[in-house]
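[1] Compute the structure for the input listed below.
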Amino acid sequence: MATFNTTTPFMLLARIHVKPDCVDQYLELARVTDAAVQASEPGMLHHTFDQDPEDPQAFVWSEVYANDAAFAAHVSNPPVLEYLEKHAELGDGFSIEVYGTVGDECRSLMQSFGLPLKIFETKLGYSRV
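    Presented below is the predicted three-dimensional model:
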């Protein structure tokens, strides 16, 4: 049986809602942020921005982190900090779901943002990531 801990990959879904008439600006913000993350975060294994088919103002960042350290690097990356600052102007909703096991330090870091957070801890399975 696989052991899941601070050194194993996990998925994060960040559910975003954008203010009316701000979708185009937000898409540009997401594009710039995505490019910066791709260029500077080798621990980000998967990073997409997906639009809800029923609500054109709702999006989901789908992210796979190599480990807890990759998450810490992500949330301290200057382009990500800029993104979060601009989200406050353009967005009106932000919640996080984590699928996988993270350590206490990573959990505390996630909680420090004060956003709605739900962590689904792995009980069994495997990862080929």
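[2] what about residue 60, which helix or strand?
    Taking DSSP states H and E as the definition, residue 60 sits inside strand 58-65.
[3] typo on my end, residue 46
    Going by DSSP H and E, residue 46 is part of strand 44-51.
[4] ok so, going back, now do the strand holding residue 60, average pLDDT.
    Mean pLDDT, strand 58-65: 98.
[5] That one: partners in the sheet, and parallel or antiparallel?
    Partners of strand 58-65 in the sheet, by DSSP bridges, are strand 10-18 (antiparallel), strand 44-51 (antiparallel).
[6] Just the residues contacting it, thanks.
    Residues outside strand 58-65 that contact it (Cβ atoms under 8 Å, 6 or more residues apart in numbering) are 9-18, 26, 30, 43-52, 71, 74, 93, 129. Yep, even glycine has a C-beta here, placed from its N, CA and C like the rest.
[7] Now, of those, which are buried?
    For the contacts of strand 58-65, a neighbour count by 16 or more other Cβ atoms under 10 Å gives the buried set as 9-16, 18, 26, 30, 43-44, 47, 49, 71, 74.
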